[in-house]
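Trainee: Sequence isn't available, so here's the structure alone:
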Ligand SMILES: *[C@@H]1O[C@H](CO)[C@@H](O)[C@H](O)[C@H]1NC(C)=O
């Protein structure tokens, strides 16, 4: 109903506009020495009318509910179901509207002065799908006495505390984080052997990975580590002269800063965001611990298809210690991964034997999958 009325209004406006235009044309041609015969409609007006008709046709085509002439009482345009889903799961800028309070706080600052210390607020918005964030005209705070002697070594003996703003964290030093949990990755030297040893079938040491790629005539130069924490995988690959960028969030600790302090590229990108990389450009995508059964299946499906988008033909997807319930691996995740149509280079599963794993009947999967060369 509303749309039909709107259409009538549009027609009316169009009619009035056309009349005003012809009136203008006639009045302006009065001054001309030789006015055209009064019956003849000038070409440009005919053209304008055609344009208006075409516009209306176009509009009605996009609203099939109203163009039939039958008022359905529902004039909402059909929205592709994927888009609806996407707007809930995944950042498109309009998600900012869903979080007006956070957004208001984020944009409440004094222009041309120092920004509030609110990187946690920015991250909250990003995680809720408000991304890219609006720009601000203020200066982000930097640490007051940063050290300038930054290590070229991606496995330095320690990371400099003075280069991080600790205000938002309960720990105020990397030592504190390491005491709290030595496996978070904030002691780089401690992790130098990671990705290098084979302890179980679930491991894929980097030398073996490179050997597999080489044997398949597929070179690995460029990769992305999804949810890569402090960037240890990228660090190890750097020693092989392979460039890996790491997506990482600052959940409770300065992960992005730690990656950067190792001389690696941190991408501040949540799991549900479209990867900021063009189609078909990467040789390798690794999904580590961060990608697991806690991600909603639909979000995981989007993630896998986006990984497929950024991988070149012949590139590799490495699911490293993906964990889920055993029954779900069989019923949900294997079919999901299978839909990609990748070649299974490696597919190893084993029980997850920690207390949580035993309690929930969880299993690990490590898979190396190769994207077909052409589709
Ligand atoms: C990496 O590049 C450097 C400089 O070109 C070279 O000296 C080194 O041998 C390379 N390392 C590997 C593992 O290829």
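Mentor: In hand now; what should we look at? Everything numeric in this text was worked out from a predicted model, so none of it was measured.

Trainee: Tell me which residues are up against stretch 352-362.
Mentor: 293, 323-327, 351, 363-364 (Cβ atoms under 8 Å, 6 or more residues apart in numbering). In this view, the C-beta of every residue, glycine as well, is placed from N, C-alpha and C.

Trainee: hmm, try it at 10 Å
Mentor: The contact list for stretch 352-362 (Cβ atoms under 10 Å, 6 or more residues apart in numbering) reads 202, 292-293, 321, 323-329, 351, 363-364.

Trainee: Show me which of those are buried.
Mentor: 202, 292-293, 321, 323-325, 328-329, 363-364 (16 or more other Cβ atoms under 10 Å).

Trainee: Where in this structure is the helix or strand with the lowest mean pLDDT?
Mentor: None of the helices or strands of the chain scores lower by mean pLDDT, DSSP states H and E than helix 64-67, at a mean of 40.

Trainee: circling back to that earlier point, quick check: helices, which of the contacts of stretch 352-362 are part of them?
Mentor: Of those, the ones assigned to helices by DSSP state H are 326-328.

Trainee: Would you mind giving these as TSV with distance to residue 116 and pLDDT added?
Mentor: Converted to TSV, those look like this (distance: Cβ to Cβ, whole Å; pLDDT from 0 to 100):
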residue	distance to residue 116	pLDDT
326	47	94
327	47	95
328	43	96
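
Trainee: Pipe those residues into a markdown table and attach distance to residue 346 per row.
Mentor: Converted to a markdown table, the ones in helices among the contacts of stretch 352-362 look like this (distance: Cβ to Cβ, whole Å):
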| residue | distance to residue 346 |
| --- | --- |
| 326 | 19 |
| 327 | 22 |
| 328 | 20 |
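
Trainee: Let's verify residue 285: helix, strand, or coil?
Mentor: Of the three states, residue 285 takes strand according to DSSP: H, G, I helix; E, B strand; the rest coil.

Trainee: With residue 334 instead?
Mentor: helix.

Trainee: again with residue 368
Mentor: strand.

Trainee: how many other residues sit next to it?
Mentor: By the measure other Cβ atoms under 10 Å, the count of residues near residue 368 is 23.

Trainee: On the pLDDT front, check the nearest residue to residue 327 once chain neighbours are set aside for me.
Mentor: Leaving aside its sequence neighbours, residue 327 sits nearest to residue 361 (Cβ to Cβ, 6 or more residues apart in numbering; 7.2 Å). Looking at residue 361, its pLDDT reads 93.

Trainee: For residue 361, give its distance to residue 352.
Mentor: In this view, residue 361 and residue 352 are 9 Å apart by Cβ to Cβ, to the nearest Å.

Trainee: Residue 223 belongs to a strand?
Mentor: Yes: assignment of residue 223 by three-state DSSP places it within a strand.

Trainee: ok, now how distant is the closest residue to it other than its chain neighbours from residue 227?
Mentor: The shortest distance from residue 223 to any non-neighbouring residue, by Cβ to Cβ, 6+ apart, is to residue 284 (3.6 Å). For residue 284, the distance to residue 227 equals 15 Å [Cβ to Cβ].

Trainee: neighbour count winner among the two?
Mentor: Each of residue 284 and residue 227 has its neighbours counted (other Cβ under 10 Å); residue 284 has more, 24 against 21.

Trainee: who does that one bridge with?
Mentor: Beta-bridge partners of residue 284, counted by DSSP bridges, are residue 223, residue 316.

Trainee: just for this structure, where's the confidence low?
Mentor: 1-42, 44-94 (pLDDT under 70).

Trainee: which residues in it form helices?
Mentor: Along the chain, the stretches classed as helices by DSSP H are 2-30, 43-61, 64-67, 81-89, 100-107, 119-127, 174-180, 206-215, 232-238, 255-261, 297-310, 326-328, 334-338, 355-360.

Trainee: More neighbours: which of residue 361 and residue 352?
Mentor: Neighbours were counted for residue 361 and for residue 352 using other Cβ under 10 Å; residue 352 has more, 21 against 13.

Trainee: show me what contacts the residue nearest to residue 223?
Mentor: 209, 213, 218, 220-225, 233, 237, 242, 244, 311-312, 315-318, 368.

Trainee: could you redo the last one with a cut-off of 6 Å?
Mentor: Shown in contact with residue 284 (Cβ atoms under 6 Å, 6 or more residues apart in numbering): 220, 223, 316.

Trainee: Next: residue 280.
Mentor: Contact partners of residue 280, counting by Cβ under 6 Å, 6+ apart, are residue 312.

Trainee: And for residue 141?
Mentor: Contacts for residue 141 (Cβ under 6 Å, 6+ apart) come out as 114, 117.

Trainee: Quick check: the gap between it and residue 168.
Mentor: 11 Å.

Trainee: same thing with residue 234?
Mentor: Residue 234 is 24 Å from residue 168, by Cβ to Cβ.

Trainee: who has more neighbours, the two?
Mentor: residue 234 (26 against 15).
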